[in-house]
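Trainee: Have a look; sequence and predicted model below, questions after that.
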Amino acid sequence: MGEGALTSRTVLWVSLVWSKTVHNLGVTASG
């Protein structure tokens, strides 16, 4: 596995966690 694959996987993971966090914050703010 190359460095490029590791970077893309990390970016994908971070974006997934970020979107989940933003969604939770939105639900908390609206609720």
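Mentor: Everything's here; your move.
Trainee: and Thr10, how many neighbours?
Mentor: 10 (other Cβ atoms under 10 Å). Where you see a C-beta, it was placed from the backbone N, CA and C, and this is true even at glycine.
Trainee: gap between Val17 and Gly2?
Mentor: 23 Å (Cβ to Cβ, to the nearest Å).
Trainee: the more surrounded of those two?
Mentor: Val17 (10 against 7).
Trainee: For that one, give me its contacts.
Mentor: Val17 makes no contacts at all, as judged by Cβ atoms under 8 Å, 6 or more residues apart in numbering.
Trainee: okay, now Ser15: neighbour count?
Mentor: Counted with other Cβ under 10 Å, Ser15 comes out at 10.
Trainee: Repeat that for Leu16.
Mentor: When neighbours are counted by other Cβ under 10 Å, Leu16 registers 10.
Trainee: ok, now Val22?
Mentor: Neighbour count of Val22, defined by other Cβ under 10 Å: 10.
Trainee: Return the per-residue confidence for it.
Mentor: Val22 carries a pLDDT value of 95.
Trainee: And it, its phi and psi?
Mentor: With angles defined as degrees, to the nearest 10, Val22 sits at phi -60, psi -40.
Trainee: Roughly how far does it sit from Ser30?
Mentor: Val22 sits 12 Å away from Ser30, going by Cβ to Cβ.
Trainee: Repeat that for Thr10.
Mentor: Counting by Cβ to Cβ, the gap from Thr10 to Ser30 is 30 Å.
Trainee: Need the per-residue pLDDT for Val27.
Mentor: On pLDDT, Val27 comes in at 88.
Trainee: How about the secondary structure of it?
Mentor: The three-state label given to Val27 by DSSP: H, G, I helix; E, B strand; the rest coil is helix.
Trainee: Just give me the neighbour total for it.
Mentor: With other Cβ under 10 Å as criterion, Val27 counts 9.
Trainee: Could you do Ser30 as well?
Mentor: 6.
Trainee: swap in Ala5?
Mentor: By other Cβ under 10 Å, neighbour count at Ala5 equals 9.
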